[in-house]
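S.K.: just need the structure, nothing else, for what follows:
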Amino acid sequence: MNKIPPILKQSAQFIKGVGPRKIKLLNKLDIYTIEDLLYHFPRRYEDRSQFKLIRELEVGTYETIKGKVLASGLRRTRTRMTIFQLVVSDESGVVYGTWFNQPYLKDFFKNGDEVVLYGKVERYGKLQMNSPEYELLNPQDEDESTIHTGRIVPIYALTFGLGQRYLRKLIKSTLDSYLGQIDEFLPKEISRVNELISLKEALREVHFPEKFKGIDEAKRRLIFEEFFFLELALARIKQDLKENSAGIAFACRGQLLQRFKQLLPFTLTASQLKVISEIEKDMSSNKPMNRLLQGDVGSGKTVVSIWAQVICVQNGYQSALMAPTEILSEQHYRTVLKFLKPLGVKVARISSSVKKEEKKKLLSLIRNKKIDVVIGTHALIQDEVKFAKLGLAIVDEQHKFGVQQRVKLQKKGVMPDVLVMSATPIPRTLAITVFGDLDSSTIRELPPGRTPVETYWISEKKRDDLYEFLRKKIREGNQAYVVYPVIEKSKIRDLKAATRMYEHFKQSVFSDFSVGLLHGRMKDGEKSRQMELFKNRKLDLLVATTVIEVGIDIPNASVILIEHAERFGLSQLHQLRGRVGRGKAQAYCILLSNALSEDAHKRLKAMITTNDGFKIAEYDLLIRGPGEFFGSRQHGLTELKIGNILTDSEMLTAARKCAFEYLSKNPHFSGPEAQLLKEKLMEKFPNGKEGILSR
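M.R.: Below you'll find the model as predicted:
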């Protein structure tokens, strides 16, 4: 077998018909190379293979007709718009093709040409198709086959400046010229067992199928390939970390842990104890722990993570906790400090707000093991941060980071244990795709005494009643959040912004109460000051954006009002709801929305139906799909150009099984077939400093 042909990695700019201007537009579609063009799959197909007589056309439907050009003409409107019109007839009638601002078409058609038109049929006194797809059946270039009409036609994702006809023709010419350069990467036995067609056949059929059955077979092959390579990468990470690396065997019994248990002001739930047992089993092993700890908001993941940190420290190692935002890292710092300071454990926080000299001193203390637990944002993975003896790396809200960042933190030590936490419950199908290299633990019960948050969806017309409800709750001694999707005044009509409403509340609606403002563009010091005021009950009402989405723990806050709730994702709404209900008072989440779209209705109805984060996550995945579930491009999901982990879950399971079995039988990729597979794997998931396969 040959190696991957370098020609496929050449820039698509050098293909005939592209050039410097078009390549910039193609780049917007993530098309950079010749191979990228072959893997730019259609998003749907239109059956233009059945011609209809003009007299049989139905208004309001998309139809394909074949006829002769009787006449054509160009005219200009008073608004200087150009309209080109084509009169086409067959033996049964006449239809008009109309194009706006495309005057060049007058030189394309001539009377007597035989043409095919495809478009939506409308009637404006006469039958008409506006901006239909067209194909000359007697083109000047006799070698160009009919690819735009008269067949099953692919429809591609586009960007402004690129048309369907151009992209379709470009992909067809690329297939004709370069398909022969494609090598088969999947092992023959795996293709045979799973009854997969060849890669060349799949690429040809997925772009220009002869029959719809061919599309299904092509997709099966390409979807399996995507899942297989992703799962093979995850299997290799898991193999390297679990089987080929010597980790730290921590002693999980000791005086420090015993004192920590005695200081706990509450009793741990059975679910927390089960998870702790799983973590202790991992940490006592000489294989590195790589565990995902997930649980709903308020389920008590933080105290479990502190338990692991205590084990780490009592064994003479350092621990690092990385959070996605400054606010969350500060929240963790305060919580960890509260538990560990009485034990004599040295805790520090790395923040962008720390002054240069102070930071220099802090880095020196970490480097010389004068600090036991370090908490911070992605600043922790900067090169200047060096640990003397890192034994445990904790990543909170992993979905806000990427696999590479997790690996980079892990590289700060010599095979430290890794604990990944997520308050966004992850459905199983998504978990094995994104976190397939991790073992999983789940806290499924909330601490005793927690009263479920009551959730209501109300419309704009009840705003005055809502304000009165907020006043009543504040007078009773409660605090409240009001959350907005934007910071400043939006161009979108009637979309209220946090800064504008903060002023309105402060000066008018809630002028007799203390009102604060918190958003992501504020300096870290000001954010901390606002949170401190709110925590100490110096503020009654906090107007905020989604900066409060995770990690904010104010027990006295019992009401959260979410304005324009339709503009938030479902998991995000659930996370925001988790900011209340942490104290003894009954908590309320109020969704204010005049939502019109079907998806928005589904999200809001789900919120008032259940408080179960796992059910919410399933709803969210069904509504939005896997590509948007995390709102991030750092998880390998962007590699899935054609697969869908919901609709193709059986294929995912089969590909995962094959990937893990293959690696267990051939861990070193021995043989020419395996070497080609490894080369493709490394190409998809680079093994560089930041690569997913970094050791």
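S.K.: wait, isn't Leu604 in contact with Ile590?
M.R.: No. With contact defined as CB atoms under 8 Å, Leu604 and Ile590 do not form a contacting pair (11.3 Å). Backbone N, C-alpha and C define where each C-beta goes, glycine included.
S.K.: OK, contacts around Thr377?
M.R.: Residues counted as contacts of Thr377 (CB atoms under 8 Å, 6 or more residues apart in numbering) are 322-326, 329, 350-352.
S.K.: and which of the residues you listed is nearest Lys369?
M.R.: Closest approach between the contacts of Thr377 and Lys369, by CB to CB: Ile350, at 15.7 Å.
S.K.: and the closest residue to the closest one other than its chain neighbours, bridged to which residues?
M.R.: The shortest distance from Ile350 to any non-neighbouring residue, by CB to CB, 6 or more residues apart in numbering, is to Gly376 (3.6 Å). Beta-bridge partners recorded for Gly376 (DSSP bridges): Met322, Ile350.
S.K.: top helix in the protein by residue count?
M.R.: For the chain, the helix reaching the highest residue count under DSSP state H is reported as helix 212-242.
S.K.: list the helices and strands that helix packs on?
M.R.: strand 44-47, helix 199-207, strand 290-295, helix 428-434, helix 649-665, helix 672-684 (3 or more CB pairs under 8 Å, 6 or more residues apart in numbering; DSSP states H and E).
S.K.: quick one: Val303 is in a helix?
M.R.: Yes. With DSSP: H, G, I helix; E, B strand; the rest coil as the criterion, Val303 is part of a helix.
S.K.: identify the residues contacting it.
M.R.: 264, 268, 272, 339.
S.K.: average pLDDT across the helix or strand hosting the third one?
M.R.: Spelled out, that is Gln272. According to DSSP states H and E, Gln272 maps onto helix 270-284. Averaged across helix 270-284, pLDDT comes to 94.
S.K.: so where's the longest strand in this structure?
M.R.: When the chain is parsed with DSSP state E, its longest strand is strand 62-76.
S.K.: Ser352 is in contact with Glu326, correct?
M.R.: Yes. Counting by CB under 8 Å, Glu326 touches Ser352, with 6.8 Å between them.
S.K.: neighbour-wise, which of those two wins?
M.R.: Glu326 (22 against 12; other CB atoms under 10 Å).
S.K.: which ones are touching that one?
M.R.: Residues near Glu326 by CB under 8 Å, 6+ apart: 351-353, 377, 524, 527-528.
S.K.: re earlier: output the contacting helices and strands for the helix holding Gln272.
M.R.: By 3+ CB pairs under 8 Å, 6+ apart, helix 270-284 packs against strand 290-295, helix 301-314, strand 417-422, strand 439-443.
S.K.: for the residue of the chain positioned farthest from its centre, give its distance to Asn111.
M.R.: Distance from the C-alpha centroid of the chain, by CA atoms, centre = their mean, peaks at Glu91 (53.4 Å). From Glu91 across to Asn111, the span is 17 Å (CB to CB, to the nearest Å).
S.K.: and for Met415?
M.R.: 77 Å.
S.K.: likewise Ala348?
M.R.: Counting by CB to CB, the separation of Ala348 from Asn111 is 82 Å.
S.K.: again, but for Phe228
M.R.: In terms of CB to CB, Phe228 sits 55 Å off from Asn111.
S.K.: give me the more crowded residue out of these two.
M.R.: Between Phe228 and Asn111, counted using other CB under 10 Å, the more crowded position is Phe228 (26 against 10).
S.K.: could you list every residue that touches the residue lying closest to that one once chain neighbours are set aside?
M.R.: The spatial neighbour of Phe228 that comes closest, neighbours along the chain excluded (CB to CB, 6+ apart), is Ala655 at 4.3 Å. Contacts for Ala655 (CB under 8 Å, 6+ apart) come out as 224, 227-228, 231.
S.K.: same question for Leu362.
M.R.: Contacts of Leu362 by CB under 8 Å, 6+ apart are 348, 350, 354, 371.
S.K.: would you format these as a markdown table with neighbour count and distance to Trp457 included?
M.R.: Shown next, in a markdown table, are the contacts of Leu362 (neighbours: other CB atoms under 10 Å; distance: CB to CB, whole Å):
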| residue | neighbour count | distance to Trp457 |
| --- | --- | --- |
| Ala348 | 19 | 44 |
| Ile350 | 23 | 41 |
| Val354 | 18 | 43 |
| Ile371 | 23 | 47 |
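S.K.: closest one of these to Leu663?
M.R.: When these are compared against Leu663 (criterion: CB to CB), the nearest one is Ile350, at 37.1 Å.
S.K.: thought the closest one was touching Val373?
M.R.: No. Using CB under 8 Å, Ile350 makes no contact with Val373, being 11.5 Å away.
S.K.: surely Ala218 meets Ser198?
M.R.: No. In this structure, Ala218 is not within contact of Ser198 by CB under 8 Å, at 10.2 Å.
S.K.: between the two, point out the one with more neighbours.
M.R.: Ala218 (22 against 13).
S.K.: buried among the contacts of Val303? Make that a PyMOL selection.
M.R.: Listed next is the PyMOL selection for buried residues among the contacts of Val303, using 16 or more other CB atoms under 10 Å:
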select buried, resi 268+272+339
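S.K.: quick one: which two of the contacts of Val303 are the most distant?
M.R.: Gln272 and Phe339 (14.4 Å).
S.K.: so what sits against both of Glu326 and Ser352?
M.R.: 377, 524.
S.K.: on that earlier part again, so what touches the helix holding Gln272?
M.R.: Helix 270-284 is contacted from outside by 248-252, 268, 289, 291, 293, 295, 299-300, 303-304, 307-308, 311-312, 392, 417, 419, 439, 441-445, using CB under 8 Å, 6+ apart.
S.K.: need the buried ones from those selected in PyMOL.
M.R.: In PyMOL, this line selects whichever of the contacts of helix 270-284 come out buried by 16+ other CB under 10 Å:
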select buried, resi 248+250+252+268+289+291+293+295+299+300+303+304+307+308+311+312+392+417+419+439+441+442+443+444
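S.K.: would you mind writing the CA trace of the helix holding Gln272 as PDB?
M.R.: Taking C-alpha atoms only, helix 270-284 is exported to PDB below (Å, rounded to 0.1, in the frame of the first residue of the first chain):
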ATOM      1  CA  ALA A 270     -24.800   7.500  49.700                       C
ATOM      2  CA  SER A 271     -24.100   8.600  46.100                       C
ATOM      3  CA  GLN A 272     -21.200  10.700  47.200                       C
ATOM      4  CA  LEU A 273     -19.700   7.900  49.200                       C
ATOM      5  CA  LYS A 274     -20.000   5.500  46.300                       C
ATOM      6  CA  VAL A 275     -18.200   7.900  44.000                       C
ATOM      7  CA  ILE A 276     -15.500   8.500  46.700                       C
ATOM      8  CA  SER A 277     -15.000   4.800  46.900                       C
ATOM      9  CA  GLU A 278     -14.400   4.600  43.100                       C
ATOM     10  CA  ILE A 279     -12.000   7.500  43.200                       C
ATOM     11  CA  GLU A 280     -10.000   6.000  46.200                       C
ATOM     12  CA  LYS A 281      -9.800   2.700  44.300                       C
ATOM     13  CA  ASP A 282      -8.300   4.600  41.300                       C
ATOM     14  CA  MET A 283      -5.900   6.700  43.400                       C
ATOM     15  CA  SER A 284      -4.600   3.700  45.400                       C
END
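S.K.: how far away is the closest residue to Arg55 other than its chain neighbours from Leu127?
M.R.: Using CB to CB, 6+ apart and skipping the chain neighbours, the partner closest in space to Arg55 is Ser92 (3.9 Å). For Ser92, the distance to Leu127 equals 11 Å [CB to CB].
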